[in-house]
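Student: Structure for the following, please:
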Amino acid sequence: MEKFFDPKSVVVIGASNTPFNLGSTICNMLKDYLQYNGAVYAVNSKGEDVNGYPGFSSVIDLPETPDLAVIIVAAKNVPNIINDCARKGIKRIIIESAGFSEGGEDGKAMQHEIDDVARINGIRIMGPNCLGTLSTRNKFCCFYGVNPSLVEMKQIFEAPGNISYIIQSGGIVVLVMESLYYDLVGVNKIVSIGNKCDVDEADLIDYFQNDETQVIGIYLENMDKGRKLMDAAKKSRKPILIYKVGKTPEGARAAMSHTAGMANNDLIFESACKQAGIIRLQSIDELHSLPKMFTEMPLLKGKQIAMFTNSGAFGSISADLLVEADLQVVRLASQTQEKLKKAGQVFNIKNPVDIGPAPPQTYLDIFEILLSANEVDGLLPLLSVWQPFVIDTLLELMKMCKHYDKPAAIYTPNAVSKSIAIRAKHRIPIFESSEQAVRALSVSNEYYESLLKRNFISKPAPTVNLDTKRPIITAMEVAS
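Tutor: Residues are numbered from 1 along each chain as shown. Here you go, the predicted structure:
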């Protein structure tokens, strides 16, 4: 599987100098933007060089057997090319061409022919009808049509991260990449699997268990091998977040026409996800908004949430959201409330804790009091950044969360653009709404409970005093 993401040599079949040729955009990306160090060859009918890479009229004529072949030609030409790749000994192929199982009976026949050749010759295929692979650490990308000048693409490669994505739709790949430019989490790898005639989401879940991936995000339109997926998920020591279409009959039919697979019974899928420890996402946005809760914060090991706000309205709003998410607005112990009284500038010492204008130390004292309280499992700070020092206190909060092994889902009820700018500049995991923040707490607890059920971790003994820390269990440590 590694050669799909870190090949030492590549042939782009279909790359030419014809205007608007998609294969040439792959060559341009590898040379002009990524400065890919491996050998790259172009195969086209004229045998012409492409962007300085040597051209050949056939795969058979290549001077070596490349690690990876990327095919982007008309579907009718692909079966013969696959045969040539087999003769050349190429074992890893990405078919980016469309027009196979999703395109009717003729397309299905061609895909069956390709599958037979691959099986006989021990070839692994990704696609067809896909974008291919991207690896930030290996500086490799074979997505077609990408403009190397895109700011989002540059950002992704300059700041590698720890989330890997498995996505059926090329359009969703682009959406996620653009969204991540404005969010906190960096990418490790992205793979577009398309029709997944061979390599599927379960294969990739297994593969991502042994690299830098901390969180796996998946967009699915169908499942051909549901049991295989669930078995891979049950074994995964890394959070798996899935958004799957097909909740309605109309959505299922649309998925069928797009990537050629039945969307399956949604109720069965929902039940299977719960058994396998998969987190079912409620929106596409959650593919980029939720991972930071796992990469930046400890897991939520209980349901008792304390809120801290300098705007009482958001406390009331979020209390409803917590209850609806099956979390609890914790009743603060009397000793906790007594400590809050001494913090100063506190309007309400009950939950949600509400303050007016106050100096930085008041914020820090309240963070410390709430996180150290035995009855509190996690924190929901709802703090307007009315002064720059609030940002500094949030940075300190992140350190306290790790110390007390309790998460905080931070929401700053300012203009969204201001919150995004703060998140980007200071690397603070800020959510863009109170709904997002509550949802992040909910999925963190959901994943923790799934680890307990799968016996990957043991429930820590109850804390007996305020100075005793529970063993720290983060998603990253579970993965290791």
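Student: Setting aside sequence neighbours, what's the nearest residue to Arg137?
Tutor: The shortest distance from Arg137 to any non-neighbouring residue, by C-beta to C-beta, 6 or more residues apart in numbering, is to Pro160 (5.0 Å). Every residue, glycine included, has its C-beta placed from N, CA and C.
Student: Is the one you found part of a helix or strand, or is it coil?
Tutor: Here Pro160 is recorded as coil under DSSP: H, G, I helix; E, B strand; the rest coil.
Student: buried sites along whichever strand or helix holds Thr362?
Tutor: Using DSSP states H and E, the element containing Thr362 is helix 360-372. For helix 360-372, a neighbour-count test (16 or more other C-beta atoms under 10 Å) marks Thr362, Tyr363, Leu364, Asp365, Ile366, Phe367, Glu368, Ile369, Leu370, Leu371, Ser372 as buried.
Student: quick one: the following helix or strand past that helix to helix 360-372, angle?
Tutor: Using DSSP H and E, the helix or strand that follows helix 360-372 towards the C-terminus is strand 378-382. Note on geometry: by axes from the mean of the first three to the mean of the last three C-alpha atoms, to 10 degrees, strand 378-382 and helix 360-372 are set 150 degrees apart in direction.
Student: how far does the next helix-or-strand element following strand 378-382 sit from the chain's center?
Tutor: Later in the chain than strand 378-382, the nearest helix or strand by DSSP H and E is helix 389-404. In terms of C-alpha atoms, centre = their mean, to the nearest Å, the centre of helix 389-404 is set 25 Å apart from its chain centre.
Student: residues making contact with the helix or strand just after helix 389-404?
Tutor: Going down the chain from helix 389-404, the next helix or strand is strand 410-411, by DSSP H and E. The contact list for strand 410-411 (C-beta atoms under 8 Å, 6 or more residues apart in numbering) reads 314, 318, 380-383, 394, 397, 428-434, 436-437.
Student: Apply 10 Å and report the result again.
Tutor: With contacts defined as C-beta atoms under 10 Å, 6 or more residues apart in numbering, strand 410-411 is touched by 292, 296-297, 309, 314, 318, 379-384, 394, 397-398, 401, 419, 422-423, 428-438, 440.
Student: Quick check: pLDDT value at the closest residue to Gly132 other than its chain neighbours.
Tutor: Once flanking residues are discounted, Gly132 sits nearest to Cys142: 4.0 Å by C-beta to C-beta, 6+ apart. pLDDT recorded at Cys142 is 96.
Student: which residues touch Cys142?
Tutor: 4-5, 7, 10, 12, 23, 25-27, 29-30, 36, 68, 70, 72, 94, 96, 126, 130-135, 192.
Student: Asp224 is in what secondary structure piece?
Tutor: Asp224 belongs to no helix or strand when assigned by DSSP H and E.
Student: okay, now it: neighbour count?
Tutor: Using other C-beta atoms under 10 Å, Asp224 is surrounded by 16 other residues.
Student: circling back to that earlier point, could you check the distance from the residue nearest to Gly132 over to Leu134?
Tutor: According to C-beta to C-beta, to the nearest Å, Cys142 and Leu134 sit 8 Å apart.
Student: Name the residues contacting each of the two.
Tutor: Phe5, Met29, Ser192.
Student: Quick check: the first one touching Ser135?
Tutor: Yes: with contacts counted by C-beta atoms under 10 Å, Phe5 reaches Ser135, the gap being 4.2 Å.
Student: would you put the C-alpha positions of the top helix by length along the chain in PDB?
Tutor: When the chain is parsed with DSSP state H, its longest helix is helix 434-453. Included here for helix 434-453 are C-alpha records, laid out as PDB according to Å, rounded to 0.1, in the frame of the first residue of the first chain:
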ATOM      1  CA  SER A 434     -21.700  26.300  20.300                       C
ATOM      2  CA  GLU A 435     -23.300  23.500  18.400                       C
ATOM      3  CA  GLN A 436     -19.900  22.400  17.000                       C
ATOM      4  CA  ALA A 437     -18.300  22.600  20.500                       C
ATOM      5  CA  VAL A 438     -21.000  20.500  22.200                       C
ATOM      6  CA  ARG A 439     -20.900  18.000  19.300                       C
ATOM      7  CA  ALA A 440     -17.100  17.700  19.800                       C
ATOM      8  CA  LEU A 441     -17.500  16.900  23.400                       C
ATOM      9  CA  SER A 442     -20.200  14.300  22.500                       C
ATOM     10  CA  VAL A 443     -18.100  12.500  20.000                       C
ATOM     11  CA  SER A 444     -15.000  12.500  22.300                       C
ATOM     12  CA  ASN A 445     -17.000  10.700  24.900                       C
ATOM     13  CA  GLU A 446     -18.600   8.400  22.300                       C
ATOM     14  CA  TYR A 447     -15.100   7.300  21.200                       C
ATOM     15  CA  TYR A 448     -13.900   6.900  24.800                       C
ATOM     16  CA  GLU A 449     -16.900   4.600  25.500                       C
ATOM     17  CA  SER A 450     -16.100   2.600  22.400                       C
ATOM     18  CA  LEU A 451     -12.500   2.000  23.500                       C
ATOM     19  CA  LEU A 452     -13.900   0.700  26.800                       C
ATOM     20  CA  LYS A 453     -16.300  -1.600  25.100                       C
END
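Student: Before I go, just wanted to say thanks for your time.
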